[in-house]
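Trainee: Build me a model from this:
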Amino acid sequence: MASEKPIVVVTCTAPVNIAVVKYWGKRDEELILPINSSLSVTLHQDQLKTTTTAAISRDFTEDRIWLNGQEEDVGQPRLQACLREIRRLARKRRSNGHEDPLPLSLSYKVHVASENNFPTAAGLASSAAGYACLAYALARVYGVDSDLSEVARRGSGSACRSLYGGFVEWQMGERPDGKDSIAHQVAPESHWPELRVLILVVSAERKPMGSTAGMQTSVETSALLKFRAEALVPARMAEMTCCIRERDFQAFGQLTMKDSNQFHATCLDTFPPISYLSDTSRRIIQLVHRFNAHHGRTKVAYTFDAGPNAVVFTLDDTVAEFVAAVRHSFPPESNGEKFLKGLPVEPILLSDELKAALGMDPVPGSIRYIIATQVGPGPQVLDDPGAHLLGPDGLPKPAA
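Mentor: Numbering: from 1, shown residues only. Got it, this is the predicted structure:
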């Protein structure tokens, strides 16, 4: 056997995804199997990503994990499920006679450090990016090359959609063991180059009720959720796939907004009711509809996950005007130069006609900032050793 390296380290990045046909509700809580299929758009990692370093060494005495610099409980059940699943796949691969590319023992403990370049648990799909990145990094460390949907899904259901770039479907599957509940790409990130995404960050605070508890209560109490999953989502999945393949923004935008609204209606139909939207969220909805009405067609479309932040889809020729409309309706209070992050957007003046059509009294400071981004690729391995979040001793590098 080749001489073993004292430590094997891999660093990966993974993207955030935003569902345009929403996942809400599980048929199996432990395996994280959904009651309906879902479809998402992968956002570009230049603006939003999780970076994860995984390291294994015979010198480590226990599994450990650090998130955004803070050590977290490695015994957390979903994290343990991911670790168990990746080690099972590694053992299976070895027992099938594959030469292990990394000469190491599967009994070695793992250290993991992960950080987001965006607020955690603020309705920006941080758990999806985080668990996709964890699954991808662990797979590289342990030499696993099979489909990782199940590994990522055991951490966070929507994480399996962050394993691919572009436009991604998570098939709900039918098997009790969940082997057919997997993600696959509908179209690559290069498919619709004009599509742009604006994230309107209303709040970076933690949600009052997390997604896991919220969807469990919805499954138990909402008749509307059951009807949505069984009677409506299958046709919406087919329609959304068609809109994406044909690059039909009008139809894509309208269906995206309708599905978001229906998801939040099921939250209100939950008992006791759940409300993830804030007054500012509702004002953004109003702004989008008035903007579209002024133009006589759907030029922008909103969607909201389980939080108040809006994700707005549009095409590149509309970004500047809509950003100006947001600035007009929600003037930044003090951080004018930092109000827009991400892709550059040319400032323009709004026409008086559009200002009149918006007809909204400005509410200063209620949108903290906008992140401008686009459709992006799936997880990436970083070859630069300088990118590792863990040092040669397997502990987090001190902040620069």
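
Trainee: alpha carbons only for contacts and neighbour counts from here, please
Mentor: Will do.

Trainee: May I ask you to name the longest helix in this structure?
Mentor: Using DSSP state H, we find that the single longest helix of the chain is helix 249-269.

Trainee: Which residues belonging to it are considered buried?
Mentor: Neighbour counts using 16 or more other CA atoms under 10 Å place 249-257, 259-269 of helix 249-269 among the buried residues.

Trainee: Can you work out which other helices and strands pack against whichever strand or helix holds residue 111?
Mentor: Assessed by DSSP states H and E, residue 111 sits inside strand 109-116. Helices and strands touching strand 109-116, by 3 or more CA pairs under 8 Å, 6 or more residues apart in numbering; DSSP states H and E, are strand 49-57, strand 64-67, helix 126-142.

Trainee: strand partners of it, parallel vs antiparallel please.
Mentor: Paired strands of strand 109-116, with direction, are strand 49-57 (antiparallel), strand 64-67 (parallel) (DSSP bridges).

Trainee: quick one: contacts of the shortest one?
Mentor: To tie it back to what came earlier, the one meant is strand 64-67. 71-74, 110-115, 396 (CA atoms under 8 Å, 6 or more residues apart in numbering).

Trainee: Sheet-wise, list the partners of the following helix or strand past it with their directions.
Mentor: Using DSSP H and E, the helix or strand that follows strand 64-67 towards the C-terminus is strand 70-72. Partner strands for strand 70-72, per DSSP bridges, with pairing direction: strand 64-67 (antiparallel).

Trainee: one step back: hey, what's the angle from the strand holding residue 111 to helix 126-142? Just curious.
Mentor: With axes from the mean of the first three to the mean of the last three CA atoms, to 10 degrees defining the directions, strand 109-116 sits at 140 degrees from helix 126-142.

Trainee: from the chain's centre, how far out does strand 109-116 sit?
Mentor: 19 Å (CA atoms, centre = their mean, to the nearest Å).

Trainee: Using CSV, list the CA coordinates for that strand.
Mentor: Listed next in CSV are the C-alpha coordinates belonging to strand 109-116 (Å, rounded to 0.1, in the frame of the first residue of the first chain):
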residue,chain,number,x,y,z
LYS,A,109,-12.4,11.0,11.3
VAL,A,110,-13.3,14.1,9.2
HIS,A,111,-13.0,17.8,9.9
VAL,A,112,-15.3,20.1,8.0
ALA,A,113,-15.2,23.9,7.7
SER,A,114,-17.9,25.8,5.8
GLU,A,115,-18.7,29.4,5.1
ASN,A,116,-21.3,31.3,3.2
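
Trainee: what does that strand contact?
Mentor: Outside strand 109-116, the residues that reach it (CA under 8 Å, 6+ apart) are 48-58, 60-69, 126, 130, 389-390, 394-396.

Trainee: swap in stretch 323-343?
Mentor: 46-47, 287, 347-350, 355, 360-373.

Trainee: swap the cut-off to 6 Å and go again
Mentor: For stretch 323-343, contacts defined as CA atoms under 6 Å, 6 or more residues apart in numbering pick out 47, 362-365, 369-373.
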